[in-house]
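J.: sequence plus predicted model, see below.
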Amino acid sequence: MGCAAGGEAATWAEAVLAHKQATPLHAICKPKKERMRALFQPAGPQVNLWSTRLRAWAALLRLLCLWAVRPLIYLFDIDGTLVTTAGAGRKALCETFRSRYGADHGLQFSFDGMTDKAIVGLALQAMAVPLHEASLADEVERVLESYVNVLASHAQASADAFVIHEGVVAVLDEVQAAGQGVMGLGTGNVRRGAEIKLAAVNLYHRFAFGGFGCDHHDRTALLAVGAARGAALLGKPMGDCDLLVIGDTPKDIAAAHGIGARCLAVATGSYSVEELQAAGGDVCVPRLDHPAAKAALLPYGGV
């Protein structure tokens, strides 16, 4: 065994010597800097592989950063903020009143920022509609049941009257892709009315939850309901989330502040940027795709 081991060693030494003689001196003494560059910047097709890996790690790091921050609960108003319906809601409600009570003069006031329940209740009181044994709340419910059926007929007959405000779809796409929170509705429309209006422009499916006019007649209260549903969807306590209400009226602003939320106010309804600023909007912009609006919607950066 000793002879065999010595023979193997001699053979190995001869092989090393032969390799050194066949290898140029500059290759053996390649500067350390070049060797390190070759290690971390491989040539050929491997470059693309390393670039892909770096991008993947950067994306993972970004996701980890988002996981560590407070998620957002977005509550979007509908009329004047996301869409215009050419007064379809008012027309359907007036038709409902004429059908039930023979008149609609109690509806001659601005609906901006009001909930469906509040609108109907105020109109019934203004017209002194006899309630007999029913309570005002019961009568409001009956009116709204009829109203949504009329609204659905209007939406079907006049689909072209339902229009998404410019830039809205692109912004919703960005918010969804960024994954910084959950998108819901905060609207005075009863749930069925909200569905009819947004389904007419293929937007209803974009919102996983909401606070609606059927949840409460008070806008602040229904936003609180929507925020609680958003927190439940995230699986987090409300205190661990940030709230952003997106609306177009001073009532949206007041209700947002009433639940401790910030309000992104857009002048795509009946109020100007200046009027929304005077009402205390946290961010007031002419339209939803304005850079300042995007900064408010995506506080941790876009995609």
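T.: Happy to help now that I have it.

J.: what about residue 279, how many residues nearby?
T.: Number of residues near residue 279 (other Cβ atoms under 10 Å) recorded here: 18. C-beta: built from backbone N, CA, C; applies to glycine.

J.: tell me the phi and psi of it?
T.: Note on residue 279: its backbone torsions stand at phi -80, psi -10 [degrees, to the nearest 10].

J.: show me where pLDDT drops low in the protein?
T.: 1-48, 58-68, 133, 303 (pLDDT under 70).

J.: show me it divided up by domain.
T.: The record's domain split for the chain, according to automatic domain parsing, is 71-85+163-297, 88-160.

J.: residue 54: which of the ones you listed is closest?
T.: Smallest distance to residue 54 across those (Cβ to Cβ): 21.1 Å, for domain 71-85+163-297.

J.: where do the strands sit along the stretch 101-250 of the chain?
T.: Per DSSP state E, counting those that start in this stretch, the stretch 101-250 of the chain carries strands over the ranges 163-164, 181-186, 209-211, 242-247.

J.: can you pull out the helices in the stretch 51-200 of the chain?
T.: 88-101, 116-126, 136-157, 168-178, 191-199 (DSSP state H, counting those that start in this stretch).

J.: for the first one, which positions count as buried?
T.: Within helix 88-101, the residues that qualify as buried by neighbour count (16 or more other Cβ atoms under 10 Å) are 88, 89, 90, 91, 92, 93, 94, 95, 96, 97, 100, 101.

J.: export the strands of the stretch 101-250 of the chain as JSON lines, with columns for distance to residue 192 and mean neighbour count.
T.: Formatted as JSON lines, those follow (distance: least, Cβ to Cβ, whole Å; neighbours: other Cβ atoms under 10 Å):
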{"stretch": "strand 163-164", "distance to residue 192": "20", "mean neighbour count": "14"}
{"stretch": "strand 181-186", "distance to residue 192": "13", "mean neighbour count": "25"}
{"stretch": "strand 209-211", "distance to residue 192": "12", "mean neighbour count": "25"}
{"stretch": "strand 242-247", "distance to residue 192": "21", "mean neighbour count": "25"}
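
J.: list just the one of the helices of the stretch 51-200 of the chain that sits closest to residue 295.
T.: Across the helices of the stretch 51-200 of the chain (criterion: Cβ to Cβ), the nearest stretch is helix 168-178, sitting at 11.6 Å.

J.: tell me which other helices or strands that closest one touches.
T.: strand 181-186, helix 291-297 (3 or more Cβ pairs under 8 Å, 6 or more residues apart in numbering; DSSP states H and E).

J.: contacts only, for residue 83.
T.: 162, 163, 164, 165, 168, 197, 198, 201, 203 (Cβ atoms under 8 Å, 6 or more residues apart in numbering).

J.: would JSON lines of the strands of the stretch 101-250 of the chain with distance to residue 131 be doable?
T.: JSON lines is the format used below for the strands of the stretch 101-250 of the chain (distance: least, Cβ to Cβ, whole Å):
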{"stretch": "strand 163-164", "distance to residue 131": "38"}
{"stretch": "strand 181-186", "distance to residue 131": "30"}
{"stretch": "strand 209-211", "distance to residue 131": "28"}
{"stretch": "strand 242-247", "distance to residue 131": "32"}
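
J.: tell me which of the domains of the chain sits most buried.
T.: Highest mean neighbour count among the domains of the chain (mean count of other Cβ atoms under 10 Å): domain 71-85+163-297, with a mean of 20.
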